[in-house]
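Colleague: Everything below, folded, please.
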Amino acid sequence: MVYVGAGRFLMGSTDAEINAQLRTNVGNTGEWFTNERPQSWVDVRGFWIDQYEVTNALYAQFIADNGYARRELWTELGWDWKQAGDLVKPKFWDDPKWNLPGRSDHHPVVGISWYEAVAYCRWAGARLPTEAEWEKAAGWDAQAGRRLQFPWGDPWDSTRANTVESGHVSTTPVGKYCPQGASPYGACDMAGNAWEWLSSMYKPYPYDADDGRENLEAKGTRVLRGGSWINAAPEARASFRLPPFPGDFIVFDPVNGFRCAMNDKGGTP
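Modeller: Got it, this is the predicted structure:
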């Protein structure tokens, strides 16, 4: 994990930045980009966040340790076992495109629902990052005191992230684009590779951790961040929020992964 220190940061985008995205990406409608406002200062406590997205190899340990059978990791979240088909592994676990033995161990696990992401992080003694934590870790330069459009800076650079521009047409090993694509805190692949589930419910800005959006037992859609191998640069921006679609609370797409976070306990996690 890498450490993200306590303090304020600017969350969201300015009207000028949003209007620029709307002019460039005229095909996107609804809440795309406009849900990044209003921009506001948000206080975040110090926390730890995984340097890399959770990989197939790590998730295999969760499966081997009977993570799916341990109902204490799931039940209070309202996990519907009948609806989910009593899963014992992620949806695409046996698909050779995503999980080739010996070759994809270090690729991010995909086909993960929000419930599975929460359960894994609990099993690992951690939790999902909040939306504010994720955005700060992905795009805040504390030394300069300013926001970054992408983890490495403002100009887009296709050699620093696995998005559709890179032409891989699949996930790549975590860290392949580091250190050149790392955030100021040293977190890798926060742009592209796999979308990342967050603990936060999808609600309008300004962000307020005390308005119910961090209630894990509440029903509603949850936020995905960071873009993926199938998405373009605008969706890989640190401030981009994926608007919800029906089923986003569960969603088993081959682009959805996650990373874990931990509270600051005054030492190395």
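Colleague: For R23, which three-state class applies?
Modeller: helix (DSSP: H, G, I helix; E, B strand; the rest coil).
Colleague: residues in contact with it?
Modeller: When the contact criterion is Cβ atoms under 8 Å, 6 or more residues apart in numbering, R23 has no partners at all. C-beta coordinates here come from the backbone N, C-alpha and C atoms, glycine included.
Colleague: Where does pLDDT dip in this protein?
Modeller: 26-30, 75-76, 78-86, 100-103, 246-249, 266-269 (pLDDT under 70).
Colleague: redo that, cut-off 90
Modeller: With pLDDT under 90 as the threshold, the chain has low-confidence stretches at 22-32, 66-104, 113, 115, 167-169, 217-220, 243-254, 264-269.
Colleague: Determine the longest strand present in it.
Modeller: Counting residues, the longest strand in the chain under DSSP state E turns out to be strand 195-201.
Colleague: Kindly format the C-alpha coordinates of it as CSV.
Modeller: In CSV, the C-alpha atoms belonging to strand 195-201 read as follows (Å, rounded to 0.1, in the frame of the first residue of the first chain):
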residue,chain,number,x,y,z
TRP,A,195,-12.7,0.3,-13.5
GLU,A,196,-12.5,0.4,-9.7
TRP,A,197,-15.4,0.0,-7.4
LEU,A,198,-15.6,2.5,-4.5
SER,A,199,-17.6,2.3,-1.2
SER,A,200,-19.5,5.5,-2.1
MET,A,201,-23.1,5.6,-3.3
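Colleague: Going along the chain from that strand, find the next helix or strand for me.
Modeller: Note on strand 195-201: by DSSP states H and E, the next helix or strand toward the C-terminus is strand 222-225.
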